[in-house]
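1. quick one: sequence plus predicted model below, questions after.
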Amino acid sequence: MNNNHMPHTDGAPAADLIPQLLTAFPFVLALILYILAVFVSSRNHKPWPVYRTVCWIFGVFFAVTSVAGPLAARAHTDFSAHMFSHLFLGMLAPLLMAIASPMTLVLRTLSVPLARRLSRVLKSRISRILNHPIIASFLNIGGLWLLYTTSLYPFMHESILIHLIVHFHVFLAGYLFTVSMIYFDPIPHRIPFLYRATVFVSALAGHGILSKYIYANPPDGVSAGQAEIGGMIMYYGGDAIDIILIFIFCWQWSRASRQREDISVSPETESTRV
């Protein structure tokens, strides 16, 4: 049954400061560790690209903004604020943090034995499954359908545990989806561009259809007016971030094609032809 109001959180644990701090802490810790790794890596190797560090900082900023502070507090009673939080946490922050190439930085920072162990983990079967475009898309888009078409959405405002699980899932699923589509870190199991493009288009369609479904069918506890605004934010805001993702994907595809052409038309090949 759909109530025409947002879940009341006065006195509810999810509205307290503790969930915000618990959700924000891993991101703040990730920022500190990344900065430390940059100093260590730049001391032992060539300087780490500044733009990657900047992307990581902004990625963490948008993630923390979505789970702690004024926007996060308002998201408990304002569905449009919740949608902005969703876009920041599940789309924009993962994109910026993927561009920051954290795995590459970790491999440069660790000792050789530890780096080899991490490489084995990245080549493991579970890593291959989680990084597969179809699995990542299912976790990402499927998780959002589960959140907004069941009673999970109002329930997350009543339970700290569910609140934390949902927010971490939104981020991690968004990050897995992003790194399964665009490669900035070493990927042992590379998927062809055409295959990824097909899955990518399907996932974008699933996200767009969900936003329209929310517009017409408000989640439990959300008024029709707020659902309409939230659905439009999800649709158009998601498109804006997806344009960046599409641009990067096409740029990588074009660059890979040019590299293949350069290899096929190498000086040795030309001399053979003559």
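-> Received, thanks. Numbering: from 1, shown residues only.

2. nearest residue to residue 34 other than its sequence neighbours?
-> Closest residue to residue 34 in three dimensions, ignoring its sequence neighbours and counting by Cβ to Cβ, 6 or more residues apart in numbering: residue 56, at 5.1 Å. For glycine as for every other residue, the C-beta is placed from the backbone atoms N, C-alpha and C.

3. that neighbour: neighbouring residues, count only.
-> Per other Cβ atoms under 10 Å, the neighbour tally for residue 56 reads 24.

4. ok, longest helix in the protein?
-> In the chain, with assignment by DSSP state H, the single longest helix is helix 224-264.

5. how far off centre is that one?
-> For helix 224-264, the separation from the chain centroid amounts to 13 Å (computed by Cα atoms, centre = their mean, to the nearest Å).

6. same question for stretch 193-209.
-> 15 Å.

7. kindly report the same for stretch 187-197.
-> Chain-centre distance of stretch 187-197: 18 Å, with Cα atoms, centre = their mean.

8. so which bits of it are buried?
-> Neighbour counts over stretch 187-197 (16 or more other Cβ atoms under 10 Å) mark 187, 191, 193, 196-197 as buried.

9. residue 248 - nearest residue in space that isn't next to it in sequence?
-> residue 182 (5.1 Å).

10. ok, now how distant is that neighbour from residue 255?
-> Counting by Cβ to Cβ, to the nearest Å, the gap from residue 182 to residue 255 is 12 Å.

11. quick check: residue 226 touching residue 81?
-> No - using Cβ atoms under 8 Å, residue 226 is not in contact with residue 81, being 9.7 Å away.

12. can you pull the pLDDT of the residue nearest to residue 34?
-> Here the pLDDT value assigned to residue 56 is 97.

13. quick check: mean pLDDT of the longest helix of the chain?
-> 89.

14. before we move on, what about stretch 82-97?
-> On average, stretch 82-97 scores 96.

15. only C-alpha atoms, please: export that stretch in CSV.
-> Only the C-alpha atoms of stretch 82-97 are listed here, as CSV (Å, rounded to 0.1, in the frame of the first residue of the first chain):
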residue,chain,number,x,y,z
HIS,A,82,17.2,11.2,-2.0
MET,A,83,17.5,11.0,-5.7
PHE,A,84,20.3,13.5,-5.8
SER,A,85,22.0,11.4,-3.1
HIS,A,86,21.5,8.3,-5.3
LEU,A,87,23.0,10.0,-8.3
PHE,A,88,26.1,11.1,-6.3
LEU,A,89,26.6,7.8,-4.5
GLY,A,90,25.7,5.3,-7.2
MET,A,91,26.9,7.1,-10.4
LEU,A,92,29.1,10.2,-10.1
ALA,A,93,31.3,9.1,-7.2
PRO,A,94,32.0,5.6,-8.7
LEU,A,95,32.8,7.2,-12.1
LEU,A,96,35.3,9.7,-10.6
MET,A,97,36.9,7.1,-8.4
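
16. residue contacts, the residue nearest to residue 248?
-> Taking Cβ atoms under 8 Å, 6 or more residues apart in numbering, we find residue 182 in contact with 98, 245, 248-249, 252.

17. quick one: which of these has the most company?
-> Highest neighbour count within the contacts of residue 182: residue 98, with 27 neighbours (other Cβ under 10 Å).

18. element containing that residue, please.
-> helix 93-99 (DSSP states H and E).

19. that helix: what's the following helix or strand?
-> Remark: after helix 93-99, the chain's next helix or strand is helix 102-109, criterion DSSP H and E.

20. I'd like to know how far residue 102 sits from residue 59.
-> From residue 102 to residue 59 the distance is 10 Å (Cβ to Cβ).
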